[in-house]
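Peer 1: One predicted model, sequence on top.
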Amino acid sequence: MEFHKLLCFCLLLNGVVVYGQQRKSVVPTIIDFKSGVQIDGDLSDWGDSLRYYYEKQDLQFEIANDERQLYVAMRVKDPSWQMQALHQGFNLVINKDGKKKDGASITFPVPDRESLRALAAMDKDERPADMRQGVLNAVRAVFVSGMADVVDGPVSLENNYGIKAAVSIDSLDAVCYEAVIPFDRLGLTPSNNKETAFNVKINGIVMRTVGGGRPMGRYGYGGYGYPYANYNARPTRKEAQQEPGMWFVLPLANLK
């Protein structure tokens, strides 16, 4: 009997450990070759699930390419991260030189602010049953930067650049995102096996603590001017910065 209890406890503990491991960030190790992806927010083209995970934002994602274009898919289940994604956008940065720094980027969705204000001003009985869908209905454009022959800023959902993005809410109540960007907008080719740097995230602002000293007090740095205060250290303070996201560097999938 005691052995049975011990075995059950061990199995339970093992399940908790495995679950915890599954929730850790999973960094991509390969970019797959994939073709025929329909950019409609339906992630069934990507198989059973997206393979990679950014733990900080509860964000599942995957990147692939065919011979002409780059695809990205993201999925978020947490309600608070969903709302941030719907208001600030899913974001992908592509640095063609393989450097973890700014490059071409695509952000979607970013709803029209006037439409959002109109949505917020609606009477309760006039608002959509699912406010997430109401926010999606206020989206008018895809935001891009650093792409060849495309002016930085919003481009129409129905553009002639080959850039497409879509978001939907799936049957499990997750918010799902897909986008495609032609290689000629990114200066990329999959044939030379050159490494490319990618960054994925939900856009947003995070606060960080900077400085190594004591907080500024009523009578100056250090609180009350105590003689043991470190006068060479900067006061501790909070600064806002853009969400850093997850970086990884990989070559594109070779042509098949």
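Peer 2: Received it, and whenever you're ready, just let me know what you need.

Peer 1: Just the strands from the stretch 51-200 of the chain, written as ranges.
Peer 2: Listed in chain order, the strands found in the stretch 51-200 of the chain under DSSP state E, counting those that start in this stretch are 52-54, 59-65, 69-76, 90-95, 104-108, 141-145, 153-156, 164-169, 175-182, 195-202.

Peer 1: Take the ones you listed and write them to JSON lines, including mean pLDDT.
Peer 2: Output for those, formatted as JSON lines (pLDDT from 0 to 100):
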{"stretch": "strand 52-54", "mean pLDDT": "98"}
{"stretch": "strand 59-65", "mean pLDDT": "97"}
{"stretch": "strand 69-76", "mean pLDDT": "98"}
{"stretch": "strand 90-95", "mean pLDDT": "98"}
{"stretch": "strand 104-108", "mean pLDDT": "98"}
{"stretch": "strand 141-145", "mean pLDDT": "97"}
{"stretch": "strand 153-156", "mean pLDDT": "96"}
{"stretch": "strand 164-169", "mean pLDDT": "97"}
{"stretch": "strand 175-182", "mean pLDDT": "98"}
{"stretch": "strand 195-202", "mean pLDDT": "97"}
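
Peer 1: Looking at those strands, spot the one closest to Ala118.
Peer 2: Smallest distance to Ala118 across those (C-beta to C-beta): 17.1 Å, for strand 141-145. For every residue, glycine as well, the C-beta is placed using N, CA and C.

Peer 1: Quick check: neighbours of that closest one in the sheet, parallel or antiparallel?
Peer 2: Strand 141-145 has the following sheet partners, assigned by DSSP bridges: strand 104-108 (antiparallel), strand 153-156 (antiparallel).

Peer 1: Show me what the most centrally placed residue in the chain is bridged to.
Peer 2: With the centre of the chain defined as its mean C-alpha position, the nearest residue by C-alpha atoms, centre = their mean is Lys201, 2.0 Å away. Following DSSP bridges, Lys201 is listed with bridge partners Asn91.

Peer 1: No further questions, thank you.
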